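[1] give me a 3D structure for the following:
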Amino acid sequence: MATRSTRISIVEKSLQDILERILELPSGPVAQELHRKARTVAFSVAKWSSAPPTREERERALQEVLTLNIEVMEASRQARRA
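    The predicted model follows:
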């Protein structure tokens, strides 16, 4: 049980960090799309408090968070170059 809570906490914290970094990006289609993706994952994760996720759901969410993190880092790099 504690392991699941820790994983959920990590995913939630990562999503918060990602959303904060997205807000630092210049306004535009890239930031809007990243924000949409982050909200979609956050909505799925929020449902976990009422219905514990399956292992597959946790793994999928973690993968989505990792992918989103990479996309946000790349968008930040691109914004600094512009």
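[2] okay, strands next: where are they in the protein?
    Secondary structure of the chain (DSSP state E): no strands present.
[3] where does the prediction get shaky in it?
    1-5 (pLDDT under 70).
[4] the same query, at a cut-off of 50, please.
    Across the chain, residues meeting the criterion (pLDDT under 50) sit at 1-2.
[5] in it, where's the longest helix?
    Looking across the chain with DSSP state H, the single longest helix is helix 55-81.
[6] now for that helix, which elements pack on it?
    Under the contact definition 3 or more C-beta pairs under 8 Å, 6 or more residues apart in numbering; DSSP states H and E, helix 55-81 sits against helix 2-23, helix 29-46. Placement of C-beta: from N, CA and C, glycine included.
[7] would CSV of the ones you listed with distance to residue 65 and mean neighbour count be doable?
    Formatted as CSV, those follow (distance: least, C-beta to C-beta, whole Å; neighbours: other C-beta atoms under 10 Å):
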stretch, distance to residue 65, mean neighbour count
helix 2-23, 5, 14
helix 29-46, 6, 15
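[8] would you turn these into CSV with distance to residue 54?
    Converted to CSV, these look like this (distance: least, C-beta to C-beta, whole Å):
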stretch, distance to residue 54
helix 2-23, 11
helix 29-46, 12
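[9] from the chain's centre, how far out does the longest helix of the chain sit?
    6 Å (C-alpha atoms, centre = their mean, to the nearest Å).
[10] now the angle from that helix to helix 2-23?
    30 degrees (axes from the mean of the first three to the mean of the last three C-alpha atoms, to 10 degrees).
[11] in helix 55-81, what counts as buried?
    Of all the residues in helix 55-81, those buried under the rule 16 or more other C-beta atoms under 10 Å are 58, 61-62, 64-65, 68-69, 71-72, 75.
[12] out of those, who's nearest residue 30?
    Distance ranking of the buried residues of helix 55-81 against residue 30, using C-beta to C-beta, places residue 75 first at 5.2 Å.
[13] for residue 10, see how far away that closest one is.
    22 Å (C-beta to C-beta, to the nearest Å).
[14] do the same with residue 70
    In terms of C-beta to C-beta, residue 70 sits 16 Å off from residue 10.
[15] how about the nearest residue to residue 62, chain neighbours excluded?
    Nearest residue to residue 62, sequence neighbours excluded (C-beta to C-beta, 6 or more residues apart in numbering): residue 11, at 6.1 Å.
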